[in-house]
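Asker: Here is my input; please provide its structure:
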Amino acid sequence: MYQAQSALFLYCISPVHMGAGTAVGLIDNPIQRERHTEYPLFAGSGLKGAVRHRAWTALNGADGNGKNSLLDRLFGPDAGSADLHAGAISFGDAQLVAFPVRCTRRAYVYASSPTALARTARTLNLLGIEVPWKIPEVKEGFCRVVTDGAPVENGKPLHLESFEHVAEAAPEMNDIADWLAEHALPSSEAYAFFREKLKHDLVLLPDEDFGYYVKNATVVEPHVRIHNDKGTAEDGGLFYTENLPPESLLIAPLMASSERSGKGAMRAEDVMRIVLQGGEGIPGLDGQALQVGGDATTSRGQIVVTAVS
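Answerer: Prediction:
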């Protein structure tokens, strides 16, 4: 069905609110989460919509008939169109790779878990990308760090949020951190600091500890609706919105097929090239910023995309 594929690493450079509607708990507007792990995720439909809107804006919107043939060929026409067909590009859900956790050393670390890394390797494998690293075991109460340049020395306690984890150096962590730093972040000079930080500050936690942090260490912001005339808070105008924190790293599969409109002969390779590198007036994704999710007018949802094939 799909003849071309690539992996997209998504690095958050601002808080990101990919909303899951409203809730009756302490957080009124929670973020999207997987049902079985409760890890944050970005739904593929939201990613596809954000990329399509970016392309639509670059093409100055619709033509005189309210349509744009190139957008329809790539992403599929709007519902209700007289010429319905599937799009040629497919975005999968973005799964969590690493999550920033506050640390008493070096501000924060990039935390991950065996499950998160195993699913990253599985996604890459499905896309034809083999990774040259293996995931070390980690015991309860401990964490795995790189052998050189870690936030703390081997055998010393690492304090994350209000908790302590005894650091155990593992050579496998060097391979994982180096590979992610080279492939998951942009190669530009602006990200040199973060590539180096990822090389040294990647921390592997047990699944249980990682699950606690991704559920309880997100960014929760209060919002207050102010009365226009009185300048005071309106009754019922206080609500809380959850965001995935900056420096979070996710991975999503991107797959392309040949054009399905029946009117053209755009190959899967051409579809992938236009989406990643740009062409025909559409800006490419690879190495570029993308706005996803809600609260765009307060600069939420800024991510940078890095493609790996």
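Asker: rest of the way, CA atoms for contacts and neighbours
Answerer: OK.
Asker: Now do the strand or helix carrying Leu10: which elements does it pack against?
Answerer: Using DSSP states H and E, Leu10 falls within strand 4-12. Counting contacts by 3 or more CA pairs under 8 Å, 6 or more residues apart in numbering; DSSP states H and E, strand 4-12 packs against strand 249-256, helix 268-277, strand 302-308.
Asker: Would you mark the buried spots in that strand?
Answerer: Ala4, Gln5, Ser6, Ala7, Leu8, Phe9, Leu10, Tyr11, Cys12 (16 or more other CA atoms under 10 Å).
Asker: List the contacts of it.
Answerer: Contacts with strand 4-12, where a contact means CA atoms under 8 Å, 6 or more residues apart in numbering, come from 94, 123-124, 127, 184-185, 245-257, 268-269, 272, 301-309.
Asker: now do stretch 147-163
Answerer: Contact partners of stretch 147-163, identified using CA under 8 Å, 6+ apart, comprise 101-106, 164-171, 173-174, 200-201.
Asker: which residues in the stretch 101-250 of the chain form helices?
Answerer: Assigned by DSSP state H, counting those that start in this stretch, the helices in the stretch 101-250 of the chain fall at 114-126, 171-183, 192-201, 207-216.
Asker: Tell me how far the first one lies from the chain's centre.
Answerer: Okay, so that is helix 114-126. Distance of helix 114-126 from the chain centroid (CA atoms, centre = their mean, to the nearest Å) equals 14 Å.
Asker: ditto for the last one
Answerer: Counting by CA atoms, centre = their mean, helix 207-216 is centred 17 Å from the centre of its parent chain.
Asker: which other residues reach it?
Answerer: Under the criterion CA under 8 Å, 6+ apart, residues Thr37, Glu38, Tyr39, Pro40, Phe99, Val101, Ala111, Ser112, Ser113, Pro114, Thr115 lie in contact with helix 207-216.
Asker: So this protein: which segments form each domain?
Answerer: With automatic domain parsing as the criterion, the domains of the chain are listed as 1-18+44-92+256-309, 94-217.
Asker: out of the ones you listed, nearest to Thr241?
Answerer: Nearest to Thr241, of all the domains of the chain, is domain 1-18+44-92+256-309, at 7.9 Å by CA to CA.
Asker: okay, how far is it across that closest one, tip to tip?
Answerer: Across domain 1-18+44-92+256-309, the terminal residues are separated by 18 Å (CA to CA, to the nearest Å).
Asker: Settle this for me: Ala217 is touching Cys103, isn't it.
Answerer: No - here Ala217 lies out of contact with Cys103, judged by CA atoms under 8 Å, at a distance of 11.9 Å.
Asker: Could you identify the longest helix within this protein?
Answerer: helix 44-58 (DSSP state H).
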